[in-house]
Every structure is written in C-alpha cells, then in structure tokens.
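Participant: sequence and predicted structure, then a few things I'm wondering about:
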Amino acid sequence: MIPFLDLKSINLESAESLTAAFQRVLNSGWYVLGEEVTRFEQEYANWCGAGHAVGVANGLEALSLALRAMGIGAGDEVIVPSNTYIATWLAVSHVGATPVPVEPDPHSYNLDPNRVAAAITSRTRALMPVHLYGQAADLDPLLAVARQHGLKVLEDGAQAHGARYKGRRVGAHGDAVAWSFYPGKNLGALGDAGAITTNDAALAQRLRSLRNYGSSLKYHNEVIGFNSRLDELQAALLRAKLPTLESGNARRAEIARRYLDGLRDVPLVLPQVPAFAEPVWHLFVVRHHDRDQLARRLAEAGIGTVIHYPVPPHLQPAYASLGITPGSLPIAEALHAEVLSLPIGPTMTIEQADAVIAALRRLA
C-alpha cells in the first residue's frame, strides 16, 4: 500500500528534535504566549522574508483575523477564487463580509488576474488569492489591480510554505499572508496552528491584540478580541520542523518531476508550472475524465489518492444563500469534477513514485 501522505514517517524523522522541543516547553513552566511562540514568529518571519509573523490558533482564524485587522466587515465584498478550499470563503463570511468568486486560470488553477477587474464593485475591499496546491498565484497583476482600486491583498498561503514567486518566497508580497500549519501541510504541527506574516508593523500589532482577547496589556482590552493564540507547544514543535522544510520541499519537487516525466503520455491533464512560479508541491493534482472510477481502480491497486475538492464552495449548502446556480462558474465546476491528488510527500521514495506511475499507465 502506498499512502497518500505518511504523516507518521514524516514526524518520526524529526522524533529527536520534537521530543527535545516538548521537553523545553515542559521544563519552562510557561505554556501560553511564551518564548517558543516569540522565537517561532521571528524565525518564520525571517524564513518567509517578512517583517513580522503573528502566531494564531489555526489557518482559518489567520484568514479571518487578518481581514478584521484590515477593517473589513459587514457590507464589504472580498474577491475570492471559485476554485479553493471553503476556508477561504468562510473567513470572509466570519467577518460579516460577502465572498465574490472569480474563476481560475484554466492552466494554473489559481485566481485569474484577467477576470478580477470585472468583479470589483463599490463595496469591494480586498482580494484573497490562494496559492493553491503549493504554487504561487500570479501576484504582480493582482497587486496592480488592487493598487488601482485601493484594495487590500490578503494571500492564503496555507498550501504554499516556501513557494516562490519570481524568485522570492511567498510571505509579504501583498498586505499579509495567512498560513495554516495543519499536520498535513508542508510545515505541519502536531495539531492545529496558524500564523499571519506581513511587513506592516501596525497590522501586526492589531493582530497580536485581536488574537489575545483584544489586549496588548494584560487586563486592558482595547478592542473586542478573540482567544486565538498559537499554542506554546505547537510553536516549539514547528521550530523543530522548520529546519527540515527546505529538504522536504526538495523531495516533493523530485517526486513531482518524476511524475511529470513518467506520466506525460498518459491520458491525464498534468499540472502546468508558469515561468514565474517555483511550487513546493503540497499537492500533485491531475485531471481525468472519469476521476471517480480511476480513484477506485488505484485504491484497489494499493495507491492512496484524495480529491481536493469534490464540491466547489458555491455549490456547498453553506453558501446556498448566495444563489449561485450550477453552471455559473464552469471552470471551477469542471475542475472539481475531474481533479485527483496523487501521493506525494517528503518521505516518499522514488520506488513508490515509480509504482504510482506504473499503476496509472496501466489504469488511466
């Protein structure tokens, strides 16, 4: 059996440093917003090339708190990709704003900058590009549109730890980047965790207050805040894993190259990488006209796959109130009907990748 992602082997590779991190926290006697959080924020900001990082409880709250810190709320509109995980949309809804979906580029599957301007109205306050599957969205034209219309840009980097856009790591191109450290991410905690990176010192300070009951000074509450603090233990564990992120991403890239070469004459639509992007291959997503049947055949052959994602956000019951009917966003709907994520991860072997290729050559 080749698993889609072997989290156990990933974390056991760092067992010694993870154990030492746990012991540091245990011995410190300080378990909320202590030295480990402070140091992880500094280290991750430096790694991303950002001025500041603010640790929060999870990726969804990273998105929603960033929107709140930008002053976005009821009556506002935020442009989101039609092709994304629903968390991107949920964050907009959680602050009382309305998500306005825009279709992706049919080749990169990321938000299409050429379609954004037509979706902007007098109520639009921000753009939320997602660096989907670990590949950076085309940021320069999105930033240009945002500057032209006075909009904020909040990037969803949940799948893109270490991804590069025109040679520079994602982390502070727009106003802020929201991150998830869910265990299955390229940089994964051993539980939920998240962060926001930014070059805006004032925004970072508002985020630090919002995550901690609206307080910058204990028992003094400037705003109505939340309890969304990055856990001290998860921060320590992330610090232990951060030094291995680059090598893990390199192994993912090696597996991706193997797939691209070995599957080029198989009846699949393979990922395309634009010249401006250096992906970290959080997911290796192919398309097939009979995706569900292919997934079943692969499972029978011992190959684990996952569908990211079977139902686009606008067709979920949660967003029925928006009244977006089937067929309204055809590119996203076509993608969600055909995409299939193949096994990929930092501990996957070349032999396992070759077995996946052989199975697809036989079954696709």
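Facilitator: Arrived safely, thanks for sending.

Participant: contacts and neighbour counts: CA atoms only from here.
Facilitator: Will do.

Participant: just checking, residue 170 touches residue 162?
Facilitator: Yes - counting by C-alpha atoms under 8 Å, residue 170 touches residue 162, with 6.6 Å between them.

Participant: what touches both of these two?
Facilitator: By the contact definition C-alpha atoms under 8 Å, 6 or more residues apart in numbering, residue 170 and residue 162 are jointly contacted by residue 48.

Participant: any stretches of the stretch 51-200 of the chain with poor pLDDT?
Facilitator: Counting by pLDDT under 70, not a single residue of the stretch 51-200 of the chain qualifies.

Participant: list the contacts of the closest residue to residue 270 other than its chain neighbours.
Facilitator: Closest residue to residue 270 apart from its sequence neighbours, by C-alpha to C-alpha, 6 or more residues apart in numbering: residue 286 at 5.0 Å. Residues near residue 286 by C-alpha under 8 Å, 6+ apart: 268, 269, 270, 271, 339, 340, 341, 342.

Participant: so of those, which ones are in strands?
Facilitator: Here DSSP state E is the test, and the contacts of residue 286 give 339, 340, 341, 342 as lying in strands.

Participant: report pLDDT for the first one.
Facilitator: In the predicted model, residue 339 carries a pLDDT score of 98.

Participant: for the stretch 201-350 of the chain, just list every one of the strands.
Facilitator: Secondary structure of the stretch 201-350 of the chain, counting by DSSP state E, counting those that start in this stretch: strands at 215-217, 220-221, 277-278, 284-287, 339-342.

Participant: what's the most buried one of the ones you listed?
Facilitator: Greatest average neighbour count among the strands of the stretch 201-350 of the chain goes to strand 339-342 (a mean of 23), per mean count of other C-alpha atoms under 10 Å.

Participant: report the distance from that strand to the chain centre.
Facilitator: Taking C-alpha atoms, centre = their mean, to the nearest Å, one finds strand 339-342 lying 16 Å from the centre of the chain it belongs to.

Participant: other SSEs contacting it?
Facilitator: Applying 3 or more C-alpha pairs under 8 Å, 6 or more residues apart in numbering; DSSP states H and E, one finds that strand 339-342 contacts strand 284-287, helix 291-300.

Participant: mean pLDDT added to these, as CSV?
Facilitator: What follows is the helices and strands packed on strand 339-342, written out as CSV (pLDDT from 0 to 100):
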stretch, mean pLDDT
strand 284-287, 98
helix 291-300, 98
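
Participant: who wins for proximity to residue 110 among those?
Facilitator: Residue 110 sits nearest to strand 284-287 of all these, at 12.8 Å, using C-alpha to C-alpha.

Participant: what about residue 21, how many neighbours?
Facilitator: Close neighbours of residue 21, defined as other C-alpha atoms under 10 Å, add up to 22.

Participant: also residue 58?
Facilitator: If you count neighbours by other C-alpha under 10 Å, residue 58 ends up with 23.

Participant: check contacts around it.
Facilitator: 179, 180, 181, 182, 192, 193, 194, 195, 228, 230.

Participant: the same query, at a cut-off of 6 Å, please.
Facilitator: Contacts for residue 58 were tallied using C-alpha atoms under 6 Å, 6 or more residues apart in numbering; they are 180, 192, 193, 194.

Participant: from those residues, which is closest to residue 71?
Facilitator: residue 194 (20.2 Å).

Participant: in what element of secondary structure is the residue most central in space within the chain found?
Facilitator: The residue lying closest to the centre of the chain (C-alpha atoms, centre = their mean) is residue 158, at 1.8 Å. Counting by DSSP states H and E, no helix or strand carries residue 158.

Participant: what's it in contact with, if anything?
Facilitator: Contacts of residue 158 by C-alpha under 6 Å, 6+ apart are 179, 180.

Participant: outline the domain layout of the protein.
Facilitator: 7-243, 244-363 (automatic domain parsing).

Participant: show me how far the last one is from its chain's centre.
Facilitator: Averaging C-alpha coordinates over domain 244-363 and over its chain gives two centres that are 15 Å apart (C-alpha atoms, centre = their mean).

Participant: likewise the longest one?
Facilitator: Here domain 7-243 shows a centroid-to-chain-centroid distance of 8 Å under the convention C-alpha atoms, centre = their mean.

Participant: helices of this protein, start to end?
Facilitator: Counting by DSSP state H, the chain has helices at residues 7-12, 15-28, 35-48, 59-69, 87-94, 113-116, 139-149, 201-210, 232-241, 245-262, 291-300, 330-338, 350-363.

Participant: can you say which of the ones you listed is nearest to residue 222?
Facilitator: Proximity to residue 222 (C-alpha to C-alpha) singles out helix 201-210 among the helices of the chain, at 7.9 Å.

Participant: go through that closest one and flag the buried ones.
Facilitator: Along helix 201-210, these residues count as buried under the neighbour rule (16 or more other C-alpha atoms under 10 Å): 203, 204, 206, 207, 208, 209, 210.
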